[in-house]
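**Q** Give me a model of this one.
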Amino acid sequence: MLTLRKEDMYIEQLLEAEDLHDFGRCLKKIGKYLGERDVMTDEIFNVRRKPEESLLTFFKRLTLVYEASSRHSLKSDQTAAFLYPLVKNNATRTQKIELSRVLEVNGKYKNAITYARLESAIKVAQIMDDSVFNPDQA
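**A** From the prediction side, this is the model:
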């Protein structure tokens with residue numbers, strides 16, 4: 001709750017104990033009370049992969065933020081197409097190459113990127129390069 005503005009601190013009183021133990025649920029509730037989806041959508045562009053965070057863990061965290069800030073279903077093709085560039089920009093060089101190999105042909109998508117295909121490609125990229133993430137070398 002430390003990241004809320006002073007005028008939004010009342011939200012802490014509206015959250016239940018279960019909300020505080022589940023990051024995704026907490027984000028949804030905060031988004032519901034604030035009603036500022038455009039601000040939260042801007043926040044998704046600022047989500048960065050943490051040093052030593054796996055690509056799959058980053059993807060899961062990114063989907064939680066997206067789910068809290070979007071009106072689209074998490075598993076929709078539109079969601080996958082939106083998240084793919086964000087994931088690719090936060091991947092290691094080897095992971096970027098693997099993601100492109102699996103999902104693209106000459107810079108264009110092979111088929112519509114579905115959530116399942118994106119998640120599968122991320123898992124393969126993670127297996128291909130499980131090294132420590134360094135944002136300076138990505």
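
**Q** alpha carbons only for contacts and neighbour counts from here, please
**A** OK.

**Q** What segments of the chain are strands?
**A** Assigned by DSSP state E, the strands in the chain fall at 104-105, 108-109.

**Q** tell me the most buried of those strands?
**A** Compared across the strands of the chain, strand 104-105 shows the largest average neighbour count, a mean of 14 (mean count of other CA atoms under 10 Å).

**Q** Model confidence score at the nearest residue to F58 once chain neighbours are set aside, please.
**A** Nearest residue to F58, sequence neighbours excluded (CA to CA, 6 or more residues apart in numbering): R49, at 5.8 Å. pLDDT, R49: 90.

**Q** Also L74?
**A** The model's pLDDT for L74 equals 76.

**Q** likewise S120?
**A** Note on S120: pLDDT of 93.

**Q** okay, how far is it across stretch 108-118, tip to tip?
**A** Stretch 108-118 has an end-to-end distance of 14 Å (CA to CA, to the nearest Å).

**Q** can you list contacts of that stretch?
**A** L74, K75, S76, D77, T79, A80, A81, Y84, L103, E104 (CA atoms under 8 Å, 6 or more residues apart in numbering).

**Q** got TSV for those residues, with distance to G31 too?
**A** Below are the contacts of stretch 108-118 laid out as TSV (distance: CA to CA, whole Å):
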residue	distance to G31
L74	16
K75	19
S76	20
D77	23
T79	18
A80	21
A81	23
Y84	23
L103	32
E104	34
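
**Q** Give the buried subset of those as a ChimeraX selection command.
**A** Entered in ChimeraX, the line below selects the buried ones among these, by 16 or more other CA atoms under 10 Å:
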select :74,77,79,80,81,84,103,104
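
**Q** From the contacts of stretch 108-118, pick the one nearest L64.
**A** For the contacts of stretch 108-118, the closest approach to L64 (CA to CA) belongs to L74, at 8.8 Å.

**Q** so how far is stretch 99-115 off the chain centroid?
**A** For stretch 99-115, the separation from the chain centroid amounts to 18 Å (computed by CA atoms, centre = their mean, to the nearest Å).
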